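J.: Sequence unavailable; structure follows:
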C-alpha cells in the first residue's frame, strides 16, 4: 500500500467507485446470448462484517477467479500469492468501507477491464452514516462526454436538449479543474489506485468517466471549463434519466441513412431494425458506434443479421479449456444490401468492437474514426455472499480470421484524428470521411 494508513478509506472508496465506472460506463460486458441475470441482493443484507465474513468473501472471490477465469495463467499474475496477500490486508481493514475497496483492488490485479468486484451497496467509512455523505445524484446520464483531444481533456460530445447543453456546455471546451483539482492530479491518483486496464485507451476512458460520474471526487461535481475565447466557464454536473435501448436515426443530406445507439441492449435491436426498414431504400448506411461501450451478444447478432442473406459466422468465444463456442448472425426477413460504414472511437468497446471487427473482416463494412478501447472479452456476472457481484472474463472473442483483439481493438480502415478546431466549429470530420468513402462505392 502506497499511502499512509489514515488515507486508506479514501483509497478504498476510489477503487470501488472507479472500477464500477470502468465497465458499466465505458466498456459494458459483451455477454453470451440469453445470459442468466444475477439474483437480487438478499433483503436486509448486513454490512457489519465479522472477521469470518471477510475471510469467506475474499476466499469466494479468489476461488471463483481461480476456477473459472478465462486464462489459467491469470494474465501473468501470481494469483496464488494474491490470495495470501489480500487475506492479510482485508483482515486488517479498519471498517467495511475499506474492506470492500480492498476486494476491488484484488480483482484489479488481473489488469482486465471486464473483471471487477462490486459491493452490494454504498458503504461509508466508520463514523459516517452511509446515507449522509458523499451526496449522491440519482442514476442517469450527465448529457455530455469527455475525452483526450490534442493532449487535453475536453468536452467531445453534448447531447441535444440535455441540461449540460442548456447550460452552455459545448464540444471543444477544455477541462481545467474538477472541484478545484487539476485533471493531471486526478489521473495520477487513478494510476496509483488501479492496477491496470485492457489498454491505455481503456484507462483514458476510465479517467474521463470518473471525472463526470465518480462520487469519489466530491459532490456536487463542479467543473471549471475553458471556453473558446480562453475565458472560464463553471458547470455543476446534473444527471438526467436515459431510456435504455434508445436509437437515433435519420437521413443525411446526402441521402445516406444514419443510425446511432449507445448500448447493445434490448430493445435497441428491435428499434434498429425498425429504423433500418424505414430507410431501406437509402443508397448506403452509417452505423455510429462512437461512445458505445458494449452490451449483449444476442442483441449484436440480431442487428448483424440485417447485412447478410444467410447466417454468417460472427466469430467464436474461446473457453479456458480451449474450446471455441461459435456464433452466427440471424437470418433476416430481408437483408440490407447497400454499403456500410461504421464510426468508432476510443470509447467504442466490447460488443461495439467485436461487431466492427466482424463486419470489417468479412468485407461487409469499412470502419472510420479512431482505434477502439481493446476490451473484447466475454464476461459472466455472479452473485457473491452478502449481495455483492463479481464480474469476470470467462471467454475470449476470436474474430472470423482467428485473431484475439483484446488490448488492440479495432484499427480503422481510415483514421481521422479528433481536433479541438473541428469540435468548436461543429464539424464531424469522421462522419464526413465515412460519407465520402460510401459515395465512392
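T.: All right, it came through fine. None of these values were measured; they are calculated from a predicted model.
J.: Flag every buried residue along the top helix by length along the chain.
T.: Longest helix in the chain, counting residues (DSSP state H): helix 51-68. Within helix 51-68, the residues that count as buried by 16 or more other CB atoms under 10 Å are 53, 54, 57, 58, 60, 61, 62, 64, 65. No exception for glycine: its C-beta is placed from N, CA and C like everyone else's.
J.: chain center to that helix, what's the gap?
T.: Relative to the chain's own centre, helix 51-68 is displaced by 26 Å; criterion: CA atoms, centre = their mean, to the nearest Å.
J.: Which positions within the helix or strand hosting residue 184 qualify as buried?
T.: Using DSSP states H and E, residue 184 maps to helix 183-193. By neighbour count on 16+ other CB under 10 Å, the buried set for helix 183-193 is 183, 186, 187, 189, 190, 193.
J.: how about the residues you listed in TSV, adding distance to residue 386 and pLDDT?
T.: Output for the buried residues of helix 183-193, formatted as TSV (distance: CB to CB, whole Å; pLDDT from 0 to 100):
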residue	distance to residue 386	pLDDT
183	35	93
186	30	89
187	32	89
189	28	81
190	27	77
193	23	64
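J.: Out of those, the closest to residue 427 would be?
T.: Proximity of those to residue 427 was ranked by CB to CB; the top entry is residue 183 with 24.7 Å.
J.: Excluding covalently adjacent residues, which one is nearest to that closest one?
T.: Residue nearest to residue 183 in three dimensions, not counting chain neighbours: residue 153, with 4.7 Å by CB to CB, 6 or more residues apart in numbering.
J.: Give me the pLDDT value at that neighbour.
T.: Residue 153 carries a pLDDT score of 97 in this model.
J.: burial measure for it, as a count.
T.: Using other CB atoms under 10 Å as the criterion, residue 153 is surrounded by 22 other residues.
J.: what residues are up against it?
T.: By CB atoms under 8 Å, 6 or more residues apart in numbering, the contact set of residue 153 is 146, 147, 174, 175, 183, 207, 208, 211.
J.: And it, how far from residue 188?
T.: Counting by CB to CB, to the nearest Å, the gap from residue 153 to residue 188 is 13 Å.
J.: circling back: any idea how far the helix holding residue 184 is from the chain center?
T.: Relative to the centre of its chain, helix 183-193 is centred 19 Å away, using CA atoms, centre = their mean.
J.: buried residues in the following helix or strand past it?
T.: Once helix 183-193 ends, the next helix or strand along the chain (criterion: DSSP H and E) is helix 200-213. The neighbour-count check on helix 200-213 (16+ other CB under 10 Å) flags 201-213 as buried.
J.: what do you get for stretch 427-441?
T.: Within stretch 427-441, the residues that count as buried by 16+ other CB under 10 Å are 428, 429, 430, 431, 433, 434, 435, 437, 438.
J.: repeat for stretch 94-102
T.: So stretch 94-102, judged by 16+ other CB under 10 Å, has buried residues 95, 96, 97, 98, 99, 100, 101, 102.
J.: Quick one: classify residue 72 as helix, strand or coil.
T.: Assigned with DSSP: H, G, I helix; E, B strand; the rest coil, residue 72 falls in the coil class.
J.: quick revisit: can you add distance to residue 371 and pLDDT and give the buried residues of helix 200-213 back as CSV?
T.: Below are the buried residues of helix 200-213 laid out as CSV (distance: CB to CB, whole Å; pLDDT from 0 to 100):
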residue, distance to residue 371, pLDDT
201, 7, 92
202, 12, 86
203, 14, 86
204, 12, 90
205, 12, 90
206, 17, 84
207, 17, 90
208, 16, 93
209, 18, 90
210, 21, 86
211, 22, 93
212, 22, 93
213, 24, 85
